[in-house]
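Q: What shape does this take:
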Amino acid sequence: MQTGAKPGVRGRTRDWSYASGVDTTIIDDAIRKVLEQPRPLPIVQAGDPVLRRRADDVPADLDRGLLSELVAAMRETMHAAPGVGLAAPQVGLGLRLAVLEDQAGLPGDVADARDRRPLPFTVIINPEYRQVGHDTATWYEGCLSIAGWQAATERAVTVELRCLDEDFAPVVERFTGWQARIVQHETDHLAGTLYLDKAILRSLSDNSSYTQRWSGADLQQARNQLGF
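A: Numbers count the residues shown, from 1 in each chain. Okay, the predicted model is just below:
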């Protein structure tokens, strides 16, 4: 997930993938190919099929050292973009893995309006979420794989996340506000869903327009002037 209005890093399209159900040796080799690239890793852009396929579960017997290297490379890439989340398909790997981290460095009124609080570095493996309650919120969000654009997107205010952490320990945790938005955005990637599939397309703005006009604490001005 994109933070601020800086476009993501543009990456080249992968010409390799692996099919569901293959053994871990093939997955290990795929990860090593990604890790052979210069850092930060190139970020796959919309149009690459890997972003539209449901990713495979990370197997429990995956080499833990290799997994740690991949997590470190994804974290570096997320920071460099900059972003607040990055899913494995965004670096060309069809694995159900994502990294999240948000410093939440926004003006106080904007942070309060969006309920945006710092999110410590978090690794989610084979995640699923469900909405808790009925409340939703609509705010602009962007994606490192759709570089240069933002669109208003309605999301659940509170979600329950079930996943494994980097040690493959089970996690059940609730997230609210912007943290919940990040969880939903990144977990959706692992199902082949991009945020534009859920966005209000009439709100679509390039980063410059978003920063100049719609990045404040009140979305109503954008609703009025763009007609959504």
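
Q: how far away is the nearest residue to residue 2 once chain neighbours are set aside from residue 43?
A: Excluding its sequence neighbours, the residue lying closest to residue 2 (C-beta to C-beta, 6 or more residues apart in numbering) is residue 142, at 3.3 Å. Glycine gets a C-beta too; all of them are placed from N, C-alpha and C. Going from residue 142 to residue 43 by C-beta to C-beta, to the nearest Å gives 12 Å.

Q: So between these two, which is more surrounded?
A: residue 142 (28 against 22; other C-beta atoms under 10 Å).

Q: max-length helix in this structure?
A: Ranked by residue count and defined by DSSP state H, the top helix of the chain is helix 64-80.

Q: which residues are contacting it?
A: Around helix 64-80, the neighbours that count as contacts under C-beta atoms under 8 Å, 6 or more residues apart in numbering are 9, 28, 31-32, 34-35, 39-41, 43, 58, 84-86, 88, 91, 93, 97, 99, 101, 121, 123, 144, 166.

Q: and it, which residues are buried?
A: Neighbour counts using 16 or more other C-beta atoms under 10 Å place 66, 67, 70, 71, 73, 74, 75, 77, 78, 79 of helix 64-80 among the buried residues.

Q: Take those residues and lay them out in TSV including distance to residue 221.
A: As requested, these are exported to TSV (distance: C-beta to C-beta, whole Å):
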residue	distance to residue 221
66	48
67	45
70	42
71	40
73	40
74	36
75	35
77	34
78	30
79	31
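
Q: can you give me the helices in this protein?
A: Using DSSP H, helices in the chain cover 24-35, 64-80, 108-114, 177-189, 207-209, 220-226.

Q: Now do the third one: which elements does it pack against?
A: Using 3 or more C-beta pairs under 8 Å, 6 or more residues apart in numbering; DSSP states H and E as the contact criterion, no secondary-structure element is in contact with helix 108-114.

Q: And the closest residue to residue 121 other than its chain neighbours, how close does it get to residue 227?
A: Spatial nearest neighbour of residue 121, chain neighbours left out: residue 101 (4.3 Å); criterion: C-beta to C-beta, 6+ apart. Look at residue 101 and residue 227: by C-beta to C-beta, they are 35 Å apart.

Q: Looking at those two, which has the bigger crowd around it?
A: residue 101 (19 against 8).
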